[in-house]
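*Asks:* Quick one, structure for this:
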Amino acid sequence: MPTRVMVTGAAGRIGRAVLTLLAEREIETNALVLEDPGDLPARRVVTGDAGDATAVRDALDGADAVIHLAAVPSPLYLTGREVFGGNTLATFTVLEEAGRAGVRRTALASSYGVTGLPWTDDPDPHPAYFPLDEATPSQVADAYGLSKQTDELTARMMARRHSMSVICLRYPYVGGFDERLPAHAARLTEDPAAGARDLWTYLETRDAARAALLALDVPGPGAHAVHLCAPETMVPFPTEELLRRYHPTTPVRRPLPGRTAPVDTTAARRLLGFTARHLLSPSGD
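*Replies:* Model prediction:
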């Protein structure tokens, strides 16, 4: 395990959970944030943009590992140029400066959005097969999904360039049990069609943080992308029934009994030793 981790996007939902987990493990942290909220459990807080090399170098001081979470999280609120340009520049800058500083263990937030399903203009998108996995062909037609695809390519290049380990964590919908996940589960239970693009998958915030920490234990050099999600969907309906209704033309390659998530997380189990622990009940509690 590292002795000090630089965390970008540390004031965000996953970032705060990462800082809390690292503090529990007695691992020091440097936090890079756009604005300091004043309550982060970090040894040092640096204010700046993750695409700014000077700010990144400052935040890397003394760090021997990096968890890069800073990003525009969707294509909905900024222009495509801002989303793609901001996300890809930040990832390039963080990994390049980390490599130059001698950091060899890194993790970054990729996204289920690399599939292209969440924000494609296609009114009825379907993956090539179920369960979806890292080899599933992408249907990206939006700036956010493209930025995450590019981030994963950048990770491969940086792994070669700096002989580092870079783990790209393809996060699904992430939230806590306090409000976000139960409320979303209730919405999708009422209207399952609203979850068809995301395949009704989720990950609890503490599990998202634990996956990021486990990623720092993967030796390099090399870059790997892994899908993450809870083993079951967040809605109280059999998965195969949902797939027959909302993805009727997509072949199902193996049985998906009960509420089994239609996303294969074998790579995360094999590479990280990760399985989600914090699970919603079928009622969303």
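*Asks:* for stretch 3-14, the distance to its chain's centre please.
*Replies:* Centre-to-centre, stretch 3-14 and its host chain are 13 Å apart (CA atoms, centre = their mean, to the nearest Å).
*Asks:* swap in stretch 68-84?
*Replies:* For stretch 68-84, the separation from the chain centroid amounts to 14 Å (computed by CA atoms, centre = their mean).
*Asks:* Could you do stretch 94-103 as well?
*Replies:* Centre to centre, stretch against its chain (CA atoms, centre = their mean), the figure for stretch 94-103 is 20 Å.
*Asks:* in that stretch, what counts as buried?
*Replies:* For stretch 94-103, the buried set under the neighbour-count rule, 16 or more other CB atoms under 10 Å, comprises 94, 95, 96, 97, 98, 99, 101, 103. Every C-beta, even on glycine, is put in place using the N, C-alpha and C of the backbone.
*Asks:* Next: stretch 139-147.
*Replies:* Of all the residues in stretch 139-147, those buried under the rule 16+ other CB under 10 Å are 139, 140, 142, 143, 144, 145, 146, 147.
*Asks:* and what of stretch 187-194?
*Replies:* 188, 189, 192.
*Asks:* Just the ones of the residues you listed in strands?
*Replies:* In strands, defined here by DSSP state E, there are no members of the buried residues of stretch 187-194.
*Asks:* Can you name the residues bridging to the spatially most central residue of the chain?
*Replies:* By CA atoms, centre = their mean, the chain has its centre lying nearest to residue 171, at 3.0 Å. Beta-bridge partners recorded for residue 171 (DSSP bridges): residue 111.
*Asks:* For residue 216, see how far away it is.
*Replies:* Noted for residue 171: a distance of 16 Å to residue 216, by CB to CB, to the nearest Å.
*Asks:* swap in residue 139?
*Replies:* On the measure of CB to CB, residue 139 and residue 216 end up 31 Å apart.
*Asks:* do the same with residue 231
*Replies:* The value you get for residue 231 to residue 216, if CB to CB is used, is 23 Å.
*Asks:* Between the two, which has more neighbouring residues?
*Replies:* residue 216 (21 against 14; other CB atoms under 10 Å).
*Asks:* rewinding a little: so the residue nearest to the centre of the chain touches residue 113, yeah?
*Replies:* No. Taking CB atoms under 8 Å as the definition, residue 171 is not a contact partner of residue 113, at 9.0 Å.
*Asks:* Pull the number of nearby residues for residue 133.
*Replies:* Residue 133 has 16 neighbouring residues, counting by other CB under 10 Å.
*Asks:* one step back: among the buried residues of stretch 139-147, which lie within helices?
*Replies:* 143, 144, 145, 146, 147 (DSSP state H).
*Asks:* Identify, from the residues you listed, the entry nearest to residue 238.
*Replies:* residue 145 (28.8 Å; CB to CB).
*Asks:* wait, what's in contact with that closest one?
*Replies:* Neighbouring residues of residue 145 by CB atoms under 8 Å, 6 or more residues apart in numbering: 75, 111, 113, 114, 115, 116, 118, 119, 138.
*Asks:* Spatially, which residue comes closest to it, not counting chain neighbours?
*Replies:* residue 113 (4.5 Å; CB to CB, 6 or more residues apart in numbering).
*Asks:* In three-state terms, label that neighbour for me.
*Replies:* Under the three-state scheme (DSSP: H, G, I helix; E, B strand; the rest coil), residue 113 adopts helix.
*Asks:* In contact with residue 223: list those residues for me.
*Replies:* Residue 223 touches 152, 155, 156, 158, 159, 165, 166, 167, 168, counting by CB under 8 Å, 6+ apart.
*Asks:* re the thing from before, now, among the buried residues of stretch 139-147, which is nearest to residue 28?
*Replies:* Distances from residue 28 to the buried residues of stretch 139-147, taken by CB to CB, are shortest for residue 147, at 30.0 Å.
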